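A.B. asks: got a predicted model here, sequence first, then my questions.
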Amino acid sequence: MTHALKTDNSDALIRDKALWMRQQAMKMVYAKQLGHLGGDFSAIDVLATLYFGVLRYDPARPDWAERDRFVMSKGHATGALYTALCAAGYFPQDWLDTYMEHHSKLNGHPNRQYLPGVETNTGPLGHGFPVAVGIAIAGQINGADYRTYVLTGDGEQQEGSNWEAAMTAGHRKLKNLTLIVDRNRLQQGARTEVTNGLDPLDEKYRAFGWDVVEVDGHDYAQLLDTLGAPLGTRDKPLCVIANTVKGKGVSFMEDQAKWHHGVPNAEQFAQAMKELV
Amino acid sequence: MAVAQPTPTPGLDCRKAWAETLEGLAATDERIVVVVNDSVGSSNLGGFQTKFPDRTVNVGIAEQNMVGVAAGLANGGRIPFVSAASCFLSARALEQIKADVAYAGFNVKLVGQSSGIAYGELGATHHSIEDFAWIRALGPITLIAPCDAWETAEAVKWAAAHDGPVYLRLSRMKVPTLDLPGRAFTPGKAELQRAGSDVTIIANGTTVHLAMEAAEALAEESVSARVLNMHTITPLDTNAVIAAARETGAIVTVEEALDRGGLGGAVAECTSATYPVPVQRVGFPGFMPTGSIASLFEEFGLSREGIVSAARIAVRRKGA
Ligand SMILES: Cc1ncc(C[n+]2csc(CCOP(=O)(O)OP(=O)(O)O)c2C)c(N)n1
Ligand SMILES: [Mg+2]
């Protein structure tokens, strides 16, 4: 059984799912008074597009060998990942209520040994991308036709491990690999370009042997077009720079460093839920 | 060594003590710089950055680079305080700490913030319970875990004045400031918190006040427990450990860390080679589940009851 390949209705479906994911993530973080809403909300449109318009997977068989892989390298954005996996059918909705509770499977950062659909454990930044490169090399060696997608933060790109992975992928021409950079221009404490600038990020990846495409990371049509390409359409790995807004969808959270791990009070929660319709 | 004047400020938390002390030192010592990994806020260094922007080196989210850069700053005559979450500082940059700091012997101060399970809910990647074992294994780094705000301030002052690598393992947790008359901080020298003759509880960091509570509870069942604050793991105060073994015949170690390789490991290595006595180690068994600090302390016996029962076992094992 396969899921989520693109149809004529994809745009509306993704919009629906993304809204539901934002609402759920907001509720989870409000209830627990912990989380990373800013990075959840910048990434949710990308994840909704992947799980409801791009990836081939079967939630009943999380270890299906031919599944497309999605690696959430920015593991702090569990509000995005867990709601996506839940919407995709990997686990029942009431599990979301246990977010970060004592012994919960919904750990503060994803753990593949607790939760189906999680490809690898992340949380320390700069881990997911090398693992994704390994998954892609396995696909190449196996002659398998699955595709591998990995999402990193933009601040995360400051970790050197990413550039080691980028070099390996470029060198091996991993055409089955797509890196998506959540380019919201903010990291934990400040803007990326003030902290340790990344621009011109596109030129860096081109120099490392990658194709590079820039998209609006909240535009489902652009995301579908770029991420949905079947295998065989490229001969290099693809870097998608998704220009996003941290905290996207809630006016007072948008583009504010303090909403990296800020949590809403009762009033802010009510306001946010009013806006998330 | 001159006895430092204790200036306990009630209600001061360790993070505040760290930041205020460092700012004070930096005002008079031009050489002090901080090196951080997008961790200005989480290290409570906003004030430092405002006062000393030129002496704040934020390398971004790049811990290996951060520690290497610090070694270079030391080479250039600076006194770098590297400040990052202890989990990433110790784990991600371990080879830089080994080769560029410990082996090369640079005058770098490594400050592991929010250590132990301060980030309880964030899970095992963000728990820093292996740091004692890893840093201790490297040898020539003075490894200190202050137990309260006063000791944090003293340790920061000492580290700045000391010429050599230091790892300060700081907590995010609010802990009571211990009230001892004439208190002085001497690295490598255990602080006697309470006299006792039946068993010695050796603790450090956030667990010292729990050890004191446990000693009080033990007194009610007529067990006389000595309590040592072993703020320095490297170099270990072996004299105090051997004296505890000889004079009380049983030891309990308590640390907000893995139950092997750290304080308990150091004490057990010392006693087994000198004066073997039962040593019960209280700590965490390995990768931990998600949960609040309180729920995890309770579940894994870092509590008055947990320490009391470890002490009972240690006493029972005497002569067995
Ligand atoms: C190795 C490591 N260092 C530091 C952190 C702490 N941390 C968590 S999220 C974050 C900022 C991430 O910024 P970015 O990658 O831009 O993510 P986003 O803006 O999408 O949330 C930091 C520094 C970490 N998780 N891992
Ligand atoms: Mg970012």
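C.D. replies: Yep, that arrived. Ligands and ions are numbered 1, 2, ... in the order given.
A.B. asks: all the strands of the stretch 101-250 of chain A, residue numbers only.
C.D. replies: Ranges of strands in the stretch 101-250 of chain A, per DSSP state E, counting those that start in this stretch, are A:148-153, A:177-183, A:211-216, A:238-243.
A.B. asks: sheet-wise, list the partners of the first one with their directions.
C.D. replies: Using DSSP bridges, strand A:148-153 pairs in its sheet with strand A:69-72 (parallel), strand A:177-183 (parallel).
A.B. asks: let me know which of those is tucked in deepest.
C.D. replies: Of all the strands paired with strand A:148-153, strand A:177-183 has the most neighbours on average by mean count of other Cβ atoms under 10 Å in any protein chain shown, namely a mean of 27. The way it works is simple: take the backbone N, C-alpha and C, and place the C-beta from them, glycine included.
A.B. asks: out of the strands paired with strand A:148-153, the one nearest B:Val254 is which?
C.D. replies: Evaluated with Cβ to Cβ, the strands paired with strand A:148-153 place strand A:69-72 nearest to B:Val254, the distance being 36.7 Å.
A.B. asks: so which elements touch the longest helix along chain A?
C.D. replies: For chain A, the helix with the greatest residue count under DSSP state H is helix A:10-32. Packing contacts for helix A:10-32, counted by 3 or more Cβ pairs under 8 Å, 6 or more residues apart in numbering or on different chains; DSSP states H and E, involve helix A:37-49, helix A:78-87, helix A:220-227, helix A:266-275.
A.B. asks: ok, back up a step: reformat the strands of the stretch 101-250 of chain A as CSV; add mean pLDDT.
C.D. replies: CSV is the format used below for those (pLDDT from 0 to 100):
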stretch, mean pLDDT
strand A:148-153, 98
strand A:177-183, 98
strand A:211-216, 98
strand A:238-243, 98
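A.B. asks: dump these to a markdown table, plus distance to ligand 2.
C.D. replies: Below are those laid out as a markdown table (distance: least, Cβ to the ion, whole Å):
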| stretch | distance to ligand 2 |
| --- | --- |
| strand A:148-153 | 4 |
| strand A:177-183 | 6 |
| strand A:211-216 | 16 |
| strand A:238-243 | 11 |
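A.B. asks: between those, which gets nearest to A:Ala43?
C.D. replies: Closest among the strands of the stretch 101-250 of chain A, once you apply Cβ to Cβ, is strand A:177-183, at 5.1 Å.
A.B. asks: now do that closest one against strand A:238-243, angle only.
C.D. replies: Orientation check (axes from the mean of the first three to the mean of the last three Cα atoms, to 10 degrees): strand A:177-183 against strand A:238-243 gives 20 degrees.
A.B. asks: touching, A:Pro130 and A:Ala165? I think so.
C.D. replies: Yes: A:Pro130 sits in contact with A:Ala165 when judged by Cβ atoms under 8 Å, with a separation of 4.3 Å.
A.B. asks: what count of nearby residues applies to A:Pro92?
C.D. replies: Counted by other Cβ atoms under 10 Å in any protein chain shown, the residues lying close to A:Pro92 total 8.
A.B. asks: next, count neighbours for the closest residue to ligand 1 within the stretch 51-200 of chain B.
C.D. replies: Per Cβ to the nearest ligand atom, B:Phe88 is where the stretch 51-200 of chain B lies closest to ligand 1, at 4.3 Å. Neighbourhood size, B:Phe88 [other Cβ under 10 Å]: 23.
A.B. asks: pull the number of nearby residues for the residue nearest to it when sequence neighbours are not counted.
C.D. replies: Of all residues not flanking B:Phe88 in the chain, B:Glu63 sits nearest, at 5.1 Å (Cβ to Cβ, 6 or more residues apart in numbering or on different chains). Around B:Glu63 there are 31 other residues, counting by other Cβ under 10 Å.
A.B. asks: relative to B:Val69, how far out is B:Glu63?
C.D. replies: Distance, B:Glu63 to B:Val69, by Cβ to Cβ, to the nearest Å: 10 Å.
A.B. asks: would you mind listing what in chain B touches ligand 1?
C.D. replies: Counting by Cβ under 6 Å from any ligand atom, the residues of chain B close to ligand 1 are B:Asn37, B:Asp38, B:Ile61, B:Glu63, B:Phe88, B:Arg92.
A.B. asks: how does it look with 8 Å?
C.D. replies: Taking Cβ under 8 Å from any ligand atom as the criterion, chain B approaches ligand 1 at residues B:Asn37, B:Asp38, B:Ser39, B:Ser42, B:Ile61, B:Glu63, B:Ala84, B:Ala85, B:Phe88, B:Arg92, B:Thr125, B:His126.
A.B. asks: if we can go back for a sec, the longest helix of chain A near ligand 1 anywhere?
C.D. replies: No: Helix A:10-32 does not reach ligand 1 (Cβ under 8 Å from any ligand atom); its nearest approach is 12.8 Å.
A.B. asks: and that helix with helix A:266-275, angle?
C.D. replies: 170 degrees.
A.B. asks: give me the contacts around helix A:10-32.
C.D. replies: Residues outside helix A:10-32 that contact it (Cβ atoms under 8 Å, 6 or more residues apart in numbering or on different chains) are A:7, A:35, A:37, A:40-41, A:44-45, A:47-49, A:51-53, A:79-80, A:82-84, A:86-87, A:96-97, A:99-101, A:220-221, A:224, A:249-250, A:263-264, A:269, A:272-273, A:276-277, B:121.
A.B. asks: in chain B, which residue sits closest to ligand 2?
C.D. replies: Of all residues in chain B, B:Ile61 sits closest to ligand 2, at 9.7 Å by Cβ to the ion.
A.B. asks: whatever residue of the stretch 51-200 of chain A ends up closest to ligand 1 and A:Gly53: what is the separation?
C.D. replies: Per Cβ to the nearest ligand atom, A:Gly153 is where the stretch 51-200 of chain A lies closest to ligand 1, at 1.9 Å. Distance, A:Gly153 to A:Gly53, by Cβ to Cβ: 22 Å.
A.B. asks: so for those two, which sits in the more crowded spot?
C.D. replies: Counting neighbours by other Cβ under 10 Å for A:Gly153 and for A:Gly53 shows that A:Gly153 has the greater number, 29 against 22.
A.B. asks: correct me, but the more buried one touches A:Arg185?
C.D. replies: No: contact between A:Gly153 and A:Arg185 fails when scored by Cβ under 8 Å: they sit 10.5 Å apart.
A.B. asks: show me the contacts for B:Arg260.
C.D. replies: Listed by Cβ under 8 Å, 6+ apart, the contact set of B:Arg260 reads B:Ala133, B:Arg281, B:Gly283.
A.B. asks: can you rerun that using 7 Å?
C.D. replies: B:Arg260 sits next to B:Ala133 when contact means Cβ atoms under 7 Å, 6 or more residues apart in numbering or on different chains.
A.B. asks: list the buried ones in stretch A:150-160?
C.D. replies: Neighbour counts over stretch A:150-160 (16 or more other Cβ atoms under 10 Å in any protein chain shown) mark A:Val150, A:Leu151, A:Thr152, A:Gly153, A:Asp154, A:Gly155, A:Glu156, A:Gln157, A:Gln158, A:Glu159 as buried.
A.B. asks: likewise stretch B:153-167?
C.D. replies: For stretch B:153-167, the neighbour count (16+ other Cβ under 10 Å) marks B:Ala153, B:Glu154, B:Ala155, B:Val156, B:Lys157, B:Trp158, B:Ala159, B:Ala160, B:Pro165, B:Val166, B:Tyr167 as buried.
A.B. asks: state the pair within those residues that is farthest apart.
C.D. replies: Farthest pair in those, by Cβ to Cβ: B:Ala153 and B:Pro165, 20.3 Å.
A.B. asks: find the residue closest to whichever residue of chain A sits closest to chain B in space, skipping its chain neighbours.
C.D. replies: Closest to chain B within chain A is A:Asn196: 3.0 Å, counting by Cβ to the nearest Cβ. Spatial nearest neighbour of A:Asn196, excluding adjacent residues (Cβ to Cβ, 6+ apart): B:Gly60 at 3.0 Å.
A.B. asks: surely the one you found is within a strand?
C.D. replies: No: with DSSP: H, G, I helix; E, B strand; the rest coil as the criterion, B:Gly60 is coil rather than part of a strand.
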